[in-house]
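Engineer: Quick check, what structure comes out for this input:
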Amino acid sequence: MIVNNVFGRLMVSTTRTIFNANKKAIFNHVRCFSQIGNKGTDNPNFKSGKVGTADINNNSSVGVKSKVEGPAKEREGINKTVKDNTTTTSNTNTKATPKENTTTNTTNTTTKASTGTNNNNNTSLRGTSFTEEELEEGDELLHEYLLHFETLKSKTDPQSPEGKKLDSQILRVTHALSVISNKKGDIDNCINLLEKCIDLAKSATPINYNQLWVFGSELSATYVNDGKLEDSLEILEDICLVAAQKLEDPKREFSVLVSMAKAFTKNRKFEESITHYINAIKFAHKHSIRDGEWRMLEEVGSVWGELGNWKDSVASHKTAKEVAKVLGDKRRECISTMKLGYAFSQCERDNDARVSVLEALHIAREIKDFRAEAQVYLTLGRIYFNKKEFEKAIPHLTSGVKVSLLAQDRNALTLLSSLLAEAFIINKDLPKAKNTLKTIILYIEKTRKENEGEEEGEDSSLRVAFGGLARIAMINKDYDEALIYLLECLKIDEDTQDPVGLSTTYLMLSQVYKAQGREKDSSEAYTNALIHNTKLKKVVGKKKKKKKDKKKKKKK
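Structural biologist: Alright, predicted model coming up:
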């Protein structure tokens, strides 16, 4: 069926991860759907023929013979377009396998472990970001479909097969709209749409617990990202956990326990997160979810580190290493060994630290994993930085920069380059510090040229580079150069509306303007720095007040 083809492919990606991996293909299907007309209706997007309801759970590529009118050639052309687009989607990796983040910072640990292979094709989404026009086009078109299906529903018996199919279509369109709202940064609308999806899934007969789990998981994650921890936990407990238990799916139940722990970690409530991590580890061990057990052991090890309890961190990473060996996963063994080495160094067990980190480096080289190798060098650099042995850190960080370029790992390159530049600044070797930071800019310029587009997250790397270069220029009293880099920082900060970045950039600008004798500009920049610093305090204050109010309501 034509409707089925488009919606089957457009909406079957019920998780945001799959939606992201098929960005271009999905919008191709949206455009393809717009070719299917509706002669004689008030809907401007339906220009010829007639679109009726269809079973979107069936993914056949046969046209809706009884529903679409018009010349046979036109129908054939539409079906061919749908088939071509379906082929495109099926050849796209629908599930991007995230690379394992091997940094010691627990907030950067990925949710899903990688398979240990270094397949860039599975993870790269370069050049596939939505433009504002695409988002608006998709939003407008999907709203037309939603209106059309809701109009049909109002004229259909809700208990009839056609009525139930319409409910299903409305649910899928609503979900797609929530994803677009999320991409547009309209978080409040995204939350409202996901809440509507949950209500629709609950009202289905029988209740679709699979959909409830999916929508609940997405809503919970959205709440966490919006700083609404208690709302997130409520959804996880009342919707996701119940749905997973009804489905009798231990892996989904485990996923909910993990999400609870991560929600606390993201909000830096580390002591509360420990309890949830331990519950997740016990559950994973009981149900033989060994890869999940490994991930949670690694994460709880990092959380113990955040709390300064390095003894328990060592114990967690040791156990994780043993689990990795049982799994026969060398990459995970490398990560655990590396993190164990860092935990040893924090316990001032220098010999154990050196042995573990060198073992991790050996494993990374053995399996020829450049990403893991770059992270090991980063860990070595951090260990020496903690000891204030900056001279010893430089060769390891330099090697890490070279390896991260081979791995095409921009995140590792940014971390390694910024730390190496800091070591050079401390050693008063400013030319080398400058060249190191420029490596980030040159790499991004090269990848943009090769991929004919920007990669998500590049601006944050550029912000690090420009900020560091501005600082070096200010040390050199080259205020004209500092101004150039700070204005680049300001562009990025204004795009992201980051109050911390804006406050810092304006403060540095006020110092540069003052050094240039531009008192008025200096005063204005300083005022802006104070404004954004105040905004930051207000945002934090509002979040704290909301939490207090919610606690009071619950007590009542």
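Engineer: Once you drop chain neighbours, what's closest to residue 367?
Structural biologist: Sequence neighbours aside, residue 330 is the residue nearest to residue 367 in space, at 4.8 Å (criterion: Cβ to Cβ, 6 or more residues apart in numbering). In short, each C-beta sits where N, CA and C put it, glycine included.
Engineer: Neighbours of the one you found, how many?
Structural biologist: Residues near residue 330, counting by other Cβ atoms under 10 Å, number 17.
Engineer: So for it, what's the pLDDT?
Structural biologist: pLDDT for residue 330: 96.
Engineer: Downstream of the one helix or strand residue 375 maps to, the next helix or strand is which one?
Structural biologist: Taking DSSP states H and E as the criterion, residue 375 maps to helix 370-386. On the C-terminal side of helix 370-386, the closest following helix or strand by DSSP H and E is helix 390-407.
Engineer: circling back to that earlier point, output the helix holding residue 375 as PDB - backbone C-alpha positions only.
Structural biologist: This file holds the C-alpha atoms of helix 370-386, laid out as PDB (Å, rounded to 0.1, in the frame of the first residue of the first chain):
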ATOM      1  CA  PHE A 370      43.100   3.900  17.300                       C
ATOM      2  CA  ARG A 371      40.200   5.300  19.300                       C
ATOM      3  CA  ALA A 372      41.000   3.300  22.400                       C
ATOM      4  CA  GLU A 373      44.700   4.000  22.000                       C
ATOM      5  CA  ALA A 374      44.000   7.800  21.900                       C
ATOM      6  CA  GLN A 375      42.000   7.500  25.100                       C
ATOM      7  CA  VAL A 376      44.800   5.600  26.800                       C
ATOM      8  CA  TYR A 377      47.200   8.400  25.900                       C
ATOM      9  CA  LEU A 378      44.700  10.900  27.200                       C
ATOM     10  CA  THR A 379      44.500   9.000  30.500                       C
ATOM     11  CA  LEU A 380      48.300   9.000  30.800                       C
ATOM     12  CA  GLY A 381      48.300  12.800  30.200                       C
ATOM     13  CA  ARG A 382      45.700  13.300  32.900                       C
ATOM     14  CA  ILE A 383      47.600  11.100  35.400                       C
ATOM     15  CA  TYR A 384      50.700  13.300  34.900                       C
ATOM     16  CA  PHE A 385      48.600  16.500  35.000                       C
ATOM     17  CA  ASN A 386      47.200  15.400  38.400                       C
END
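Engineer: how far off helix 390-407 does that helix point, in degrees?
Structural biologist: Between the direction of helix 370-386 and that of helix 390-407, the angle (axes from the mean of the first three to the mean of the last three Cα atoms, to 10 degrees) works out to 160 degrees.
Engineer: Show me what helix 370-386 is packed up against.
Structural biologist: Contact here means 3 or more Cβ pairs under 8 Å, 6 or more residues apart in numbering; DSSP states H and E; on that basis helix 370-386 packs against helix 330-346, helix 350-366, helix 390-407, helix 410-426.
Engineer: Report the inter-axis angle for it versus helix 330-346.
Structural biologist: An angle of 0 degrees separates the directions of helix 370-386 and helix 330-346 when computed by the same axes, to 10 degrees.
Engineer: got the angle for helix 370-386 vs helix 410-426?
Structural biologist: The directions of helix 370-386 and helix 410-426 differ by 30 degrees, with the same axes, to 10 degrees as the criterion.
Engineer: List the buried residues in helix 370-386.
Structural biologist: Neighbour-count burial for helix 370-386, with 16 or more other Cβ atoms under 10 Å as criterion, is recorded at 370-385.
Engineer: now swap in stretch 410-420 and tell me
Structural biologist: By neighbour count with 16+ other Cβ under 10 Å, stretch 410-420 contains the buried residues 410, 411, 412, 413, 414, 415, 416, 417, 418, 419, 420.
Engineer: Kindly state the pLDDT recorded for residue 348?
Structural biologist: You'll see residue 348 listed with a pLDDT of 93.
Engineer: ugh, typo on my part, it should be residue 182
Structural biologist: Reading off the confidence values, residue 182 has pLDDT 86.
Engineer: host element of it?
Structural biologist: Counting by DSSP H and E, the secondary-structure element that holds residue 182 is helix 161-184.
Engineer: From the contact counts, what lies against the following helix or strand past that helix?
Structural biologist: If you walk from helix 161-184 toward the C-terminus, the next helix or strand you reach (DSSP H and E) is helix 187-203. The contact analysis (3+ Cβ pairs under 8 Å, 6+ apart) places helix 187-203 against helix 161-184, helix 209-225.
Engineer: and the ones you listed, which one is worst for confidence?
Structural biologist: The stretch with the lowest average pLDDT out of the helices and strands packed on helix 187-203 is helix 161-184, scoring a mean of 86.
Engineer: Figure out how far that helix is from the centre of its chain.
Structural biologist: Per Cα atoms, centre = their mean, to the nearest Å, the displacement of helix 161-184 from the mean C-alpha position of its chain is 23 Å.
Engineer: In this structure the residue nearest to residue 367 contacts residue 365, no?
Structural biologist: No. Checked against Cβ atoms under 8 Å, the pair residue 330 and residue 365 is beyond contact range at 11.0 Å.
Engineer: ok, back up a step: among the helices and strands packed on helix 370-386, which is the most enclosed?
Structural biologist: helix 330-346 (a mean of 26; mean count of other Cβ atoms under 10 Å).
Engineer: low-scoring pLDDT stretches of the stretch 301-450 of the chain, where are they?
Structural biologist: Flagging of the stretch 301-450 of the chain using pLDDT under 70 yields an empty set of residue ranges.
Engineer: ok, now with 90
Structural biologist: Flagging of the stretch 301-450 of the chain using pLDDT under 90 yields the residue ranges 449-450.
Engineer: my guess is residue 152 contacts residue 166, does it?
Structural biologist: Yes. The pair residue 152 / residue 166 is scored as a contact, 5.8 Å apart, by Cβ under 8 Å.
Engineer: Rebuild the buried residues of stretch 410-420 as CSV, extending it with distance to residue 236.
Structural biologist: Written out in CSV, the entries for those read as follows (distance: Cβ to Cβ, whole Å):
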residue, distance to residue 236
410, 32
411, 28
412, 32
413, 35
414, 32
415, 31
416, 36
417, 38
418, 35
419, 36
420, 41
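Engineer: Would you mind giving the helices and strands packed on helix 187-203 as TSV with mean neighbour count added?
Structural biologist: Listed next are these as TSV, based on neighbours: other Cβ atoms under 10 Å:
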stretch	mean neighbour count
helix 161-184	21
helix 209-225	23
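Engineer: could you dump those to JSON lines with distance to residue 249?
Structural biologist: Shown next, in JSON lines, are the helices and strands packed on helix 187-203 (distance: least, Cβ to Cβ, whole Å):
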{"stretch": "helix 161-184", "distance to residue 249": "20"}
{"stretch": "helix 209-225", "distance to residue 249": "8"}
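Engineer: Those: which one's closest to residue 200?
Structural biologist: Put simply, out of the helices and strands packed on helix 187-203 the one that sits nearest residue 200 is helix 161-184, at 4.6 Å, with distance taken as Cβ to Cβ.
Engineer: tilt between that closest one and helix 187-203?
Structural biologist: Helix 161-184 and helix 187-203 are oriented at 160 degrees to each other (the same axes, to 10 degrees).
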